[in-house]
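Undergrad: based on what follows, work out the 3D shape:
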Amino acid sequence: MTSPPEPASIYDWAVPGNLQPEPITLEVWRNLPEEFCREVELVNGQAVRCERPSRAHQAAASRITAMLDVAASGHIERNPGTCLDTSNDFDVLLWEVPAATIRSPDAALFECAPGDTRPLPASLIRVIVEVVSPGSRKADKLDKMAEYADAGIPFYWLVWLSDEHVLQIDIHVLDHTLGAYTLFRTLTPEQEISTIEVPVRIQVDWSRLAHLVRR
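TA: From the prediction side, this is the model:
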């Protein structure tokens, strides 16, 4: 049985004139419209369209960011003179040469930077978080894991969704000898609160990671 043809619009678009004319540099990225940059990531100078996250995905990212923010505030209180910040809406520059790679992680804990710093350099990131959805599994588990390790980011969290709750969080630590991440600890909701002490004391409240979509 013959498959139905794709919508004509894709064939109208797929013409040489619509190919990216040249690699996007960091300087160009900073001058592109913000609306465009929110829709794509940059991989070795090439724009890659981002998957539109589900409501559960967005809720998980927001709530984990809030937990990281509480951890940042607690660390600053215990260690005057330090400064940590969090975000779930930002770009991170992994490297600029030979061609720029800029990712938009779901959440992160990082050293403070001026508000107009865009994108944030990977050297400031202490914890980077990706929420795994069906369409992002390969990118999060393979591509981004390798890229974040190459960029030297110390901790990488993979947050696994199951329906509308978080099933588990895999915490990976960078092994500088191997230049790759190794699994440090897996957090699961059997405990009401999971506490991890590195790179700062972070508490994961599992009650906040269930029922991610209110009906």
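
Undergrad: C-alpha from now on. contacts and neighbour counts both.
TA: Noted.

Undergrad: isn't Glu41 right up against Pro105?
TA: No: if you go by CA atoms under 8 Å, Glu41 and Pro105 don't touch, sitting 9.7 Å apart.

Undergrad: now Val92: closest residue in space that isn't a chain neighbour?
TA: Excluding its sequence neighbours, the residue lying closest to Val92 (CA to CA, 6 or more residues apart in numbering) is Leu120, at 4.7 Å.

Undergrad: same question, Phe184
TA: Leaving aside its chain neighbours, Phe184 sits nearest to His172 (5.1 Å; criterion: CA to CA, 6+ apart).

Undergrad: which SSE is Ala71 in?
TA: helix 55-78 (DSSP states H and E).

Undergrad: circling back: am I right that the residue nearest to Phe184 is in contact with Thr182?
TA: Yes: in terms of CA under 8 Å, His172 counts as a neighbour of Thr182; the distance is 5.3 Å.

Undergrad: so which bits of the least confident helix or strand in the chain by mean pLDDT are buried?
TA: When the helices and strands of the chain are compared on mean pLDDT, DSSP states H and E, helix 8-13 comes out lowest with a mean of 83. The neighbour-count check on helix 8-13 (16 or more other CA atoms under 10 Å) flags nothing as buried.

Undergrad: and stretch 183-195, by the same measure?
TA: The neighbour-count check on stretch 183-195 (16+ other CA under 10 Å) flags Leu187, Thr188, Pro189 as buried.

Undergrad: quick check: the one residue sitting closest to the centre of the chain vs His172, distance?
TA: What sits nearest the mean C-alpha location of the chain, by CA atoms, centre = their mean, is Pro105, with 1.7 Å. Using CA to CA, to the nearest Å, Pro105 is found at 15 Å from His172.

Undergrad: and what of Leu212?
TA: To His172, Leu212 is 24 Å away according to CA to CA.

Undergrad: how about Thr86?
TA: In this view, Thr86 and His172 are 19 Å apart by CA to CA.

Undergrad: now do the longest strand that the chain contains against helix 55-78, angle only.
TA: In the chain, taking DSSP state E as the definition, the longest strand is strand 165-175. Calculated by axes from the mean of the first three to the mean of the last three CA atoms, to 10 degrees, strand 165-175 forms an angle of 50 degrees with helix 55-78.
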